[in-house]
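K.L.:
how does the following fold in three dimensions:
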Amino acid sequence: MNVTKIRFPNGDVGQASDFEFDGSTIPANYLNRRDGEPEADWLSRLAKVGTIPVRREPFSGDPNTHDQGSPMETEANGWLVISYPNPVAKVPHWHTGNLAVKYFSEGADVPENYTPLEPPHEQFSIWNGSEWNIDLDAAYASRQGEIVSGSDAALEPHAIKYGAFEQTSWAKQLKEAEAHENHNSTETTPWLDATTETAEGKNALAAKIIANDVAWSTLSGIVARQRRNYQAELDKIRDDDSKTDAEKVAAIDGMQVSYVA
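P.N.:
Okay, here's the model as predicted:
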């Protein structure tokens, strides 16, 4: 086995090479472990000429956030072990545009678009050139979008069984169904006429359309009430003059938007 690193009698650590020991030149190949040679015998042979093989323990820290620090040398079981037990934490800096965090070694050159000042909010912070500001408008708009999209999502499972083309005809269907139920002979009912083939079928379908409209109006009204309540809560937070923008954003973050339909 060829050894990659050796500590020589003079204290230098390097690749195996010829060296002087006790008035004699020791060839580099003497340092190699011979075929079939027990490790203990090999280590003893190297020790007799003042050398010791080197084993470097890999750095176990995260190189993104820590430097390996100064090496520590210890002798263990005939080996010189070089390890890095004292990693040095790098300094976090935040990108002033996208707020991404990156770690820099102490004293390293840091690009101008990074700052060691931590943003007060991971999403709604704006760099003004010297410090961070809170973007309350962006936080408000984001939560408002969630409130609106949440109401749509709450109703979607109830409407998904109807095609988009059919949903666009709901108002027309209701108008015809009510005219049919009221026996309004002046109102034409082309949608009902095209959908059913018999008078009995037309009667049943008209009744079902009216019942479905009542059910949908009730369901959508329940969701609309929740949406209005969430919107009122959001507006109240935004307009609370007793809070700082940072406190308002924290309160907006804390809102729980969860529809029941």
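K.L.:
show me where the stretch 51-200 of the chain has helices.
P.N.:
Using DSSP state H, counting those that start in this stretch, the helices of the stretch 51-200 of the chain run over residues 136-159, 164-167, 170-181, 190-195, 199-238.
K.L.:
most packed of those helices?
P.N.:
Each of those was scored by mean neighbour count; the highest is helix 170-181, a mean of 17, by mean count of other CB atoms under 10 Å. Using the backbone N, CA and C atoms, a C-beta is placed for each residue, glycine as well.
K.L.:
what about that one, distance to the chain center?
P.N.:
50 Å (CA atoms, centre = their mean, to the nearest Å).
K.L.:
how big is the angle separating it from helix 199-238?
P.N.:
Put simply, helix 170-181 runs at 140 degrees to helix 199-238, going by axes from the mean of the first three to the mean of the last three CA atoms, to 10 degrees.
K.L.:
re the thing from before, and the helices of the stretch 51-200 of the chain, which one's lowest on average pLDDT?
P.N.:
Among the helices of the stretch 51-200 of the chain, helix 164-167 has the lowest mean pLDDT, at a mean of 87.
K.L.:
what does that one contact?
P.N.:
Applying CB atoms under 8 Å, 6 or more residues apart in numbering, the contact partners of helix 164-167 are residue 159.
K.L.:
run the last query once more with 10 Å
P.N.:
159, 160, 173 (CB atoms under 10 Å, 6 or more residues apart in numbering).
K.L.:
pLDDT weak spots in the stretch 1-150 of the chain?
P.N.:
By pLDDT under 70, the low-scoring segments of the stretch 1-150 of the chain are 1-3.
K.L.:
ok, which stretches of it are strands?
P.N.:
6-7, 13-14, 19-21, 24-26, 52-56, 66-67, 72-76, 79-83, 88-89, 91-95, 101-104, 114-115, 125-127, 132-134 (DSSP state E, counting those that start in this stretch).
K.L.:
which of these is buried the deepest?
P.N.:
strand 6-7 comes out most buried of these by mean count of other CB under 10 Å, with a mean of 20.
K.L.:
what's that one packed up against?
P.N.:
Judged by 3 or more CB pairs under 10 Å, 6 or more residues apart in numbering; DSSP states H and E, strand 6-7 is in contact with strand 13-14, strand 52-56, strand 79-83.
K.L.:
residues in contact with residue 78?
P.N.:
39, 40, 42, 43, 44, 46, 47, 52, 53.
K.L.:
pretty sure the third one contacts residue 34?
P.N.:
This points to residue 42. Yes - the pair residue 42 / residue 34 is scored as a contact, 7.2 Å apart, by CB atoms under 10 Å.
K.L.:
domain parsing for this structure?
P.N.:
Per automatic domain parsing, the structural domains of the chain span 6-86, 89-133, 136-253.
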